[in-house]
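Trainee: sequence first, then the predicted structure:
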2 protein chains.
Amino acid sequence: MALRHAVLAALLDGELSGYQLAKAFDVGVANFWHALPQQLYAELARLEREGLVAGRQVVQETRPTKRLFHVTDAGLTELERFAAAASKPSFIRDDLLVKVQAADHVDAGPLIRQVEERAAMAEAKIDLFRRILRKMRGDLGEEEFLRTGGRVGPYLTCLRGLAFEEGNRDWCLRTAAILRERSAAGPGAGTAAVTREGTTRAPRSPEVAHAER
Amino acid sequence: MALRHAVLAALLDGELSGYQLAKAFDVGVANFWHALPQQLYAELARLEREGLVAGRQVVQETRPTKRLFHVTDAGLTELERFAAAASKPSFIRDDLLVKVQAADHVDAGPLIRQVEERAAMAEAKIDLFRRILRKMRGDLGEEEFLRTGGRVGPYLTCLRGLAFEEGNRDWCLRTAAILRERSAAGPGAGTAAVTREGTTRAPRSPEVAHAER
DNA sequence: TCTGAATAGTCATATTCTTGACTATGAAAG
DNA sequence: CTTTCATAGTCAAGAATATGACTATTCAGA
């Protein structure tokens, strides 16, 4: 039940429509959470039923009518409660890491391409985050903004996003370089064959094994 | 469907029981994926039905009987296919970031405590990862190991985990320092009250609003 | 000797997230 | 003048994850 709180937190900086929320929680700017439009519309409906957010309809001349949501006092209270409760640790869950884990046993070519692609994506996010941060702090220097500025929450989460993507990029570049070097230097073949004989797949070592079926 | 591949990747380094897998996918060492024991036992059963892993029973004198699993050739082929397919981007999803996003609107005290607690957890993981890396590379220096060693996959994912936790720790310490400073310097109160008047909660700005209900 | 932790594994339920649709409208691009 | 993009939102179904409880045995410590 953290999506609801993520939505509440996102709505703190001003009213947003479901559609705007969906964009914020999608690509790029999703610094602190990620969710698809369907989830967000559903969550907004639930939150409204429970009185934690309230929406008002805004009829537009040029665009379809939308509903802008804002956090109610009850919502703020709930957020307060959530913020004071224990956080569950966060885990990494990344396709690409699974593939790198298996790097010694699979074809290096496609893997290297994907790692480099990821590095490029990280670079793009880094640019984006830097722009967002500049915009948030305005004329002030970072240190000054963090001491004296208003609403540092979004700035801090964006800083985390930036550092994360920098770490991502650096690791991807290094990993790509290493995999390239190894697949070039690999004795004979540069593919999975190298390790299929090289390392032990250990197809049944004796061990303590008494019975076996 | 990435858990199955995470399991396959984890089994590449040698046979493991469901229980051992569960430990690897739980706290700490879960560098590239995280899952609970129930998921893993279920996934192992599925993988075995589909012939991607095979298990052998090992009766132990002192401990309950266990089953050790290893990846079959079909499993290796499937992993190969997975590694060559496109990766879906990974997203951050973190309770603590949601709370920090709302930092300007909630009580700073509990939040600071949690951020510092997280910093300590990160520090512990850093130590753990450093130990694991040292063990993996043995006598070799890191660069040398990455060039010439066997099975660099796990080493690389562990490096990512290390960098991630270092980023975590640094960000947590900085965030805690900033929140502390601000809650100390806050005019009058150091709590949510600061922003409840300070920044705009914008309870209905006029905007384009034609109709409203 | 009792207690708790570690080993080894399972069941059922509930929540959450993802996939793949589908309805509309207006504006810009070709 | 048609296609595509951006806005705005919704439904249904399925896969993946999480929660909580449960059965056993052995070893170490109070």
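Mentor: Nice, I can see it.
Trainee: leaving out chain neighbours, which residue sits closest to A:L44?
Mentor: Closest residue to A:L44 apart from its sequence neighbours, by CB to CB, 6 or more residues apart in numbering or on different chains: A:G18 at 5.5 Å. No exception for glycine: its C-beta is placed from N, CA and C like everyone else's.
Trainee: that neighbour: how many residues sit nearby?
Mentor: Applying other CB atoms under 10 Å in any protein chain shown, we find 20 other residues in the vicinity of A:G18.
Trainee: same deal with A:A74?
Mentor: 14.
Trainee: the one 10 residues further on now?
Mentor: Neighbour count of A:A84, defined by other CB under 10 Å: 15.
Trainee: I'd say it and B:A108 touch.
Mentor: No - contact criterion CB atoms under 8 Å: A:A84 and B:A108 do not qualify, at 10.6 Å.
Trainee: tell me which other helices or strands the helix or strand where A:R113 lies touches.
Mentor: Assigned by DSSP states H and E, A:R113 belongs to helix A:108-137. On a contact count with 3 or more CB pairs under 8 Å, 6 or more residues apart in numbering or on different chains; DSSP states H and E, helix A:108-137 meets helix A:95-101, helix A:142-148, helix A:153-185, helix B:73-84.
Trainee: try it again at 6 Å.
Mentor: With contacts defined as 3 or more CB pairs under 6 Å, 6 or more residues apart in numbering or on different chains; DSSP states H and E, helix A:108-137 has these neighbours: helix A:153-185.
Trainee: what residues sit buried inside the helix it packs on?
Mentor: Across helix A:153-185, burial judged by 16 or more other CB atoms under 10 Å in any protein chain shown covers A:153-169, A:171-176, A:178-180, A:182-183.
Trainee: quick one: is it near chain B?
Mentor: Yes - Helix A:153-185 lies within reach of chain B by CB under 6 Å from any CB of the partner chain, at A:G153, A:L156, A:T157, A:R160, A:A163, A:G167, A:W171, A:T175, A:I178.
Trainee: quick check: angle from that helix to helix B:108-137?
Mentor: Counting by axes from the mean of the first three to the mean of the last three CA atoms, to 10 degrees, helix A:153-185 lies at 10 degrees to helix B:108-137.
Trainee: run through chain A and note the low-pLDDT ranges.
Mentor: Across chain A, the ranges flagged by pLDDT under 70 are A:27-29, A:186-213.
Trainee: run the last query once more with 50
Mentor: Scanning chain A for pLDDT under 50 picks out the ranges A:188-213.
Trainee: okay, now the closest residue to A:G153 other than its chain neighbours: neighbour count?
Mentor: Spatial nearest neighbour of A:G153, excluding adjacent residues (CB to CB, 6+ apart): B:A103 at 3.9 Å. A count of nearby residues for B:A103, using other CB under 10 Å, gives 29.
Trainee: isn't B:A103 right up against A:Y155?
Mentor: No - when contacts are counted by CB atoms under 6 Å, B:A103 is not listed as touching A:Y155 (9.5 Å).
Trainee: neighbours of the residue in chain A that DNA strand C sits nearest to, how many?
Mentor: Closest approach between chain A and DNA strand C, counting by CB to the nearest atom of the strand: A:M1, at 3.3 Å. Residues near A:M1, counting by other CB under 10 Å, number 6.
Trainee: and it, how far from B:V98?
Mentor: 11 Å (CB to CB, to the nearest Å).
Trainee: what do you get for A:N168?
Mentor: For A:N168, the distance to B:V98 - CB to CB - is 21 Å.
Trainee: next one: A:A22
Mentor: Computed as CB to CB, the A:A22 to B:V98 distance reads 17 Å.
Trainee: stretch A:41-59 and DNA strand C in contact?
Mentor: No - counting by CB under 7 Å from any atom of the strand, DNA strand C is not contacted by stretch A:41-59; separation bottoms out at 7.7 Å.
Trainee: same check on stretch A:82-101?
Mentor: No - Stretch A:82-101 is not in contact with DNA strand C by CB under 7 Å from any atom of the strand; minimum separation 9.1 Å.
Trainee: stretch A:62-74 too?
Mentor: Yes - Stretch A:62-74 is in contact with DNA strand C by CB under 7 Å from any atom of the strand, via A:T62, A:R63, A:P64.
Trainee: buried residues in that stretch?
Mentor: Applying 16+ other CB under 10 Å to stretch A:62-74 flags A:K66, A:R67, A:L68, A:F69, A:H70, A:V71, A:T72 as buried.
Trainee: which among the residues you listed gets closest to B:E50?
Mentor: Set against B:E50, the nearest of the buried residues of stretch A:62-74 by CB to CB is A:F69 (45.2 Å).
Trainee: for that closest one, what are its contacts?
Mentor: Contacts for A:F69 (CB atoms under 6 Å, 6 or more residues apart in numbering or on different chains) come out as A:L11, A:L44, A:V53, A:G55.
Trainee: now A:E165
Mentor: Neighbours of A:E165 in contact, by CB under 6 Å, 6+ apart: A:A122, A:K125, A:I126.
Trainee: touching chain B at all, stretch A:78-96?
Mentor: Yes - Stretch A:78-96 is in contact with chain B by CB under 6 Å from any CB, via A:L79, A:E80, A:A83, A:A84, A:S87, A:K88, A:S90, A:F91, A:R93, A:D94, A:D95, A:L96.
Trainee: just the buried members of the residues you listed?
Mentor: A:L79, A:E80, A:A83, A:S87, A:R93, A:D94, A:D95, A:L96.
Trainee: which of the residues you listed sit farthest apart?
Mentor: A:E80 and A:L96 (37.1 Å).
Trainee: rewinding a little: A:A22 and B:V98: which is more packed in?
Mentor: Neighbours per residue (other CB under 10 Å) separate A:A22 from B:V98, with B:V98 holding more: 26 against 18.
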